[in-house]
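Colleague: Kindly generate the corresponding structure for this input.
(3 chains)
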Amino acid sequence: MGRYIIRRLLQAIPLLLIISILIFILLQSSGDPLASMGGKHVTRPEDRERLARIMGLDQPIYIQYIYWLVGNDWVKIDTNKDGIPDTFGSRKGVLRGDFGDSLVDRGKSALELIRERLPNTLILMIPAEIIILLSSLLVGIISALRQYSLTDQVITAGSFIGYSMPIFFIALASMYIFAVNFRKWGLPYLPTVGMFDPKIGKTTEQVLIHMVLPIFSMSVVSISGYSRFVRSQMLEVISQDYIRTAYAKGLSERMVLFGHALKNAAIPFVTLVGIDIPFLLGGAVITETIFGWPGMGRLFIDHLTRFDTPVVMGILMLISLAVVICQLLTDIVYGWLDPRIRYN
Amino acid sequence: MDALLEVKDLKVQFNTLEGVVHAVNGVSFVVEEGKTLGIVGESGCGKSVTVLSVMRLIAEPPGKITSGEILFEGNDLLKLDKTSMQDLRGQKIAMVFQDPMTSLNPVLTIGKQISEALIVHKHMNNKEAFNRTIELLDLVGIPQSKERFNDFPHQFSGGMRQRVMIAMALSCNPSILIADEPTTALDVTIQAQIVELTKNLQTKVGMSVIWITHDLGVVAEIADRVIVMYAGYIVEEADVFNIFENPVHPYTLSLLKSLPRVDSRRYERLEIIPGSPPDCIHMPAGCPFMPRCGYAIERCKVENPRLVNVGEAHMAACWVDVKTGRLD
Amino acid sequence: MEQNLTQTDAPAIPEIEKPPLLLGQLVFLRFKRHKLAVAGVFILILLVFYAVGGTFFKSEDYSLVTDSSIRLTSPSSIHYFGTDAVGRDILARTIYGGQISLLIGLIAMVLEVIVGVLIGAIAGYYGGVLDSILMRFTEAMLNIPQIPLLLVLGKMLSDKIQPIHLFGREFSGSVIVIIAVIGLTSWMGLARVVRANFLSLREQEFVTAARCTGTNNLSIIFEHILPNTMAPIIVSATLSVANAIISEAYVSFLGVGVMPPTATWGNMLNGAYNYIETAPWLWIFPGGLIVLTVLSINFIGDGLRDALDPRALTQAE
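Modeller: Got it, this is the predicted structure:
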């Protein structure tokens, strides 16, 4: 088992490299971050040029990538355009933990920005994921056991609708109902924007209230999707011969369900969840944008539109790393759950 | 000998996309203590549905037991409530299924699967269950039982898996063991072993057996009494000797004739039964076997013959006497 | 699938059996059983009529007319769906936006299916090194989260392509970009499924038999194996139309998808949350249309999946 893990980790490295190259090339060749710098002042061409040279933007792409990867503190840059390189660069490169400085928020390193926002995203995502997982299992199992009953049909119809809704529709709709209209009707209402009310401050209570609508929106879509999967897996498992054998032994419905069916149905479910978890980090973009939540998703889109490559690369690489790790974890859990894999 | 199980006029049907399938149409039989009943017939003739109904394992939609009684130890099983039925299953009546590959749970150890019934029905604790399971594994001939307790089904061969199934079924000393084509999925040598094993266990433990098969060779070896089914009806019923020596129903005759024999001449063709199995959705008015019967007469088209006595403890459902070719 | 009974010397048998149903008939019957799926078909047809037939009621130019004096008016008898932030009639925009959204869905699906099937078939059939390379590539693509990738590609390429003229309409070049981007980032799931099916099907005897008669590889792939794996492809294709529509909506909503003035249901939602209190009709109509479309497609896809389930087909009786 240990060897398998090591092998997978080694396989992951070239994968990450390829991904980083692909994305880097895309980003760097697409836009000019300098154009949006300087705010209202019109920057002088010479200044822009100097900035470009300092940031290494005048170099060919593969050089830029190398600098991104291993830094440029081992070469000299020509800052005053006299043809003679004079000062050493200041970047250490990704492999040493330096994702570079933000091209947009000058003075802050990419990692710093990410570190500021990451906890906010996690605060939102982790509870959301837990709620989603538990609810999906519950709903899916109930639906499967009561196949064709009214409960099942209602759940199935409901999940269809939930799963067909783009997340912003639910977000907007829930905002509209629970925030706007509730307020109009004099009912206690939920806040829609940000993580906490600036007037009150970042209290636990505030954060919790502000979490309700975003988590609700995300849950509706995810639970709808997952529960249908759980349901179909359960149905498939229930129709298997070994379930009939279990009943023939005189076990009760509950024993058959939890002792025999669930473990088999869980295996593909675990795989599905494992793949999906890291996408929470990325897919939150929309939720965070709509609800003004200061997390990584917002960071991503804000800096993407302004071509801030280091920050965008940082976020994407982080997510890709998370994906790779999650896949590995999923494989391990899968192997643990299914003895047929384990003994190969 | 006492009748341990008595099935009276059982009728089962299924609702499908294409219509109502009349799977079992008035089947009655008796299983005596310590004896083996063999049920023979083609695929789809209702054998499995019959025994699954005894265990009440028929999924109620789309299936439905429309009438009949199943008397076991004085109770009508069809009237029992869920908990009583659960108590019975695995404990008094146990079942072994056809495909050992799919009938065992792949993610649980075989030891656990065998001990389960013991823990649930006999309220043993883990240690007692473990010991008894080892005894059972030894009984059915699984070597290194202690080590293999924690192995998974996929680590066993087909024959071994079927032995595990048998161990599982016997764990609580049932009065009746129902075996639904347990050797069909295995090759002949293993088949012989399983049949042998069952016979030995039966003598040792003194239980009754219902053995379903479409293989007459197996029937000859193991059954005391035989019923032949076709299209959900019983067409002939007799002691095993009479079935082979004095078959009365044309279908039974055809089945026997289609067996390849060691002493037949080389260039003789194997006899087949012409036609296809019956369509159980559109049941004809007359005898269901008529389209394929070489002895059919006019009456067979319009009236379905009932089971009548044709000898000692020998019943058949046919209008024609196959020996004389005349009306019965 | 008809049975051929070869009778030799046996007596004639009266025909009392019905021939089994043809595959197509069986699938159709099973599909009809799903009332929701059938409802989905009707709703989808209605929506297509809306998007296409609507051109007879409101011209495209009308949908482009901006008039700040009537901006953000609520639904009225002149403007059934109200007007947007620059005074355009929302109803008309949903008609033309619908055309684009549906088109994007369809074409992206075609692209996805082609790429996915090709890669899956080749990897699954030839195996070995080719399989490894293709699967590594697929895995790499899967490891990149789709929405951020869409956003990056969308942002990058959106304004690079010239407007196109088709069917008498002028589209922003970003439409092509979005179609390509969605199509090229969604094929991985299908590729995996097709590959798995090819891996198992190529071991079957009908493939060996085909090889024995000298059939070339290409023929085997497309004429022998592929037809046997149509079910997951059909279901995947159907559902991917819905996914494409949603993906386009996501990307356009965030401002990096289809660029104005070309309307799509997605980009009509861009910025609608600024007016959530004052002008809900800005997002209710385009959003509702998206939901209806996706819903009906999902119903259909689900019905197809059940109807085509190979296990259920073999145990038809």
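
Colleague: where does the residue nearest to B:Asp76 when sequence neighbours are not counted land in three-state SS?
Modeller: Spatially, and ignoring its direct neighbours in sequence, B:Asp76 is nearest to B:Glu69 (5.0 Å; CB to CB, 6 or more residues apart in numbering or on different chains). In this view, the C-beta of every residue, glycine as well, is placed from N, C-alpha and C. Under the three-state scheme (DSSP: H, G, I helix; E, B strand; the rest coil), B:Glu69 adopts strand.

Colleague: count of neighbours near residue 76?
Modeller: In the absence of a named chain, chain A is used. Using other CB atoms under 10 Å in any protein chain shown, the number of residues around A:Lys76 comes to 13.

Colleague: meant chain B, my bad for not saying
Modeller: Neighbours around B:Asp76, by other CB under 10 Å: 13.

Colleague: swap in C:Asp61?
Modeller: 8.

Colleague: Where does it fall, secondary structure wise?
Modeller: C:Asp61 is part of helix C:60-64 when elements are defined by DSSP states H and E.

Colleague: could you point out which element follows that helix?
Modeller: helix C:90-126.

Colleague: could you say what helices and strands that following helix packs with?
Modeller: In terms of contacts (3 or more CB pairs under 8 Å, 6 or more residues apart in numbering or on different chains; DSSP states H and E), helix C:90-126 is packed against helix C:35-53, helix C:60-64, helix C:128-143, strand C:169-171, helix C:174-185, helix C:188-201, helix C:230-253, helix C:281-308.

Colleague: Is it possible to get CSV of those that adds mean pLDDT?
Modeller: As requested, the helices and strands packed on helix C:90-126 are exported to CSV (pLDDT from 0 to 100):
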stretch, mean pLDDT
helix C:35-53, 85
helix C:60-64, 70
helix C:128-143, 83
strand C:169-171, 69
helix C:174-185, 84
helix C:188-201, 87
helix C:230-253, 87
helix C:281-308, 86
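
Colleague: What confidence value was assigned to B:Ile234?
Modeller: pLDDT recorded at B:Ile234 is 90.

Colleague: From B:Pro174, how far out is the nearest residue to it once chain neighbours are set aside?
Modeller: Leaving aside its sequence neighbours, B:Ile234 sits nearest to B:Ile227 (CB to CB, 6+ apart; 5.1 Å). Look at B:Ile227 and B:Pro174: by CB to CB, to the nearest Å, they are 21 Å apart.

Colleague: Using JSON lines, please lay out the helices and strands packed on helix C:90-126 together with distance to B:Thr198.
Modeller: Shown next, in JSON lines, are the helices and strands packed on helix C:90-126 (distance: least, CB to CB, whole Å):
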{"stretch": "helix C:35-53", "distance to B:Thr198": "49"}
{"stretch": "helix C:60-64", "distance to B:Thr198": "80"}
{"stretch": "helix C:128-143", "distance to B:Thr198": "47"}
{"stretch": "strand C:169-171", "distance to B:Thr198": "75"}
{"stretch": "helix C:174-185", "distance to B:Thr198": "59"}
{"stretch": "helix C:188-201", "distance to B:Thr198": "36"}
{"stretch": "helix C:230-253", "distance to B:Thr198": "42"}
{"stretch": "helix C:281-308", "distance to B:Thr198": "41"}
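
Colleague: Now do whichever strand or helix holds A:Gly314, average pLDDT.
Modeller: Element membership of A:Gly314, judged by DSSP H and E, is helix A:309-337. Mean pLDDT, computed over helix A:309-337, is 80.

Colleague: That helix versus helix C:128-143: what angle between them?
Modeller: 120 degrees (axes from the mean of the first three to the mean of the last three CA atoms, to 10 degrees).
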